[in-house]
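In: here's a sequence, model it:
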Amino acid sequence: CPTSLARADSGSTPSIREESLVKAWMQAITTLPSNLQTHFTVLEGTLLRCDCVVSPANSFGIMDDGYDLALSLAFRGRGADGTNTLSRHVQRALGARWHGYLHPGSCLITSLPSASDVEGGGGDGNPFGASCIAVLSTMRYPVDVRWHLDLVYNAVWSLLVELERWNAVRNSTSTHDGPKTKTKTTRRTIERVLMTGLGTGYGKVSAARCAQQMILKHFAQGGVPEDAEWANVDSLIKEVNATLEL
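Out: Numbering: from 1, shown residues only. Okay, the predicted model is just below:
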C-alpha cells in the first residue's frame, strides 16, 4: 500500500533535525527498484490525509508526549477522557491482544475511538480522515534505543504483516473482546499509511539508519524464502547488517 513518510512537529521531544530525516528518506527510496519507489511519498505538513496513521509507540500505549501527544490531541474527538481518549482506547486493544504490553518491534492495528468520526469525514475529531491507528512499539518507555540495532527493520516488518492481515479481512465485521469492553468494528481498506521517523526522537536512532531500515525491500519481494537455509537468507542478513553502523 502507498506510504506517506511525513516530517512531523515533535514538540518538546528530543529529535534529529527534521530536514535530515527527509533527506535520508529521499536517499533511501532511490535505492529501491523503480517499481517499488512509487509506493512512497515524502511529505512535509501537518494535516495529511490517510487511511491509517502510525504511532511510534511505547510498550504501554501511553500517548502523552511528542508525536503521540499530537495524535492524542488530533483524535480526542468528543471522548469523555479528553486527551486520554486515544491512550485509553489503544490500551484496551493492547489488553485484549497483548495483555497490555506490546514489546518493541511489534505492531497492533486497531480502529480509532468512535468519538473521532472514524469514517473519515475529516472533521475536528479526525483531521486525517483515518479509520485506524497502527500502534508500532519502538521502545518500552521513552529512552535511548540505539543499542537495538535492527529495531526499525523489525518494527516495519511487523507493521507490514499487520497491514496485510487487516486488509485480508477488510470487508468483514469482527468482534473484539477486551477486559472491560466489547466492540464491533467494520474494517475499511488501508491504502494509504502515514508514518514519521521511528525511534528518531527519544530513541536517538540516526536518520540514516531509520530511513534505510524502513525502506529495505525484503518484505515487498516476498519475504523470507520458503524452506529457508542460511545460503538463501545470506543476502537479507547482509543488507540489514549494512545499516547497523549508520
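In: shouldn't Leu194 be within a helix?
Out: No: assessed with DSSP: H, G, I helix; E, B strand; the rest coil, Leu194 is strand; it does not lie in a helix.
In: just checking, it touches Gly129?
Out: No: if you go by CB atoms under 8 Å, Leu194 and Gly129 don't touch, sitting 10.2 Å apart. Where you see a C-beta, it was placed from the backbone N, CA and C, and this is true even at glycine.
In: any shared contact partners between those two?
Out: Applying CB atoms under 8 Å, 6 or more residues apart in numbering, one finds that Leu194 and Gly129 are jointly contacted by Cys50.
In: return the distance of the nearest residue to Ala130 once chain neighbours are set aside relative to Gly203.
Out: Nearest residue to Ala130 in three dimensions, chain neighbours excluded: Val53, at 4.9 Å (CB to CB, 6 or more residues apart in numbering). With distances taken as CB to CB, to the nearest Å, Val53 is found 19 Å from Gly203.
In: which SS class is Ile133?
Out: Quick answer, by three-state DSSP: Ile133 is strand.
In: need the contact list for it.
Out: Cys52, Val53, Val54, Ser55, Leu71, Phe75, Leu86, Val90, Ile109, Thr110, Ser111, Leu112.
In: what's the one helix or strand the fifth one maps to packed up against?
Out: Applying DSSP states H and E as the criterion places Leu71 in helix 66-74. Packed against helix 66-74, as judged by 3 or more CB pairs under 8 Å, 6 or more residues apart in numbering; DSSP states H and E, are the following elements: strand 52-58, helix 85-98.
In: and among these, the most buried is which?
Out: Among the helices and strands packed on helix 66-74, judged by mean count of other CB atoms under 10 Å, the one packed with the most neighbours on average is strand 52-58 (a mean of 26).
In: of the contacts of Ile133, closest to Arg187?
Out: Proximity of those to Arg187 (CB to CB) peaks at Ser111, which lies at 7.8 Å.
In: who's in contact with the spatially most central residue of the chain?
Out: Geometric centre of the chain, nearest residue: Val54, 3.2 Å, by CA atoms, centre = their mean. Residues counted as contacts of Val54 (CB under 8 Å, 6+ apart) are Ile133, Ala134, Leu136, Leu159, Val193, Leu194, Met195, Thr196.
In: which ones are touching the residue nearest to Ala130?
Out: Contacts for Val53 (CB under 8 Å, 6+ apart) come out as Leu71, Phe128, Ala130, Ile133, Ala134, Val193, Leu194.
In: turn those residues into TSV, columns for distance to Asp150 and pLDDT.
Out: Below are the contacts of Val53 laid out as TSV (distance: CB to CB, whole Å; pLDDT from 0 to 100):
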residue	distance to Asp150	pLDDT
Leu71	25	91
Phe128	29	85
Ala130	28	91
Ile133	24	96
Ala134	19	98
Val193	21	93
Leu194	23	91
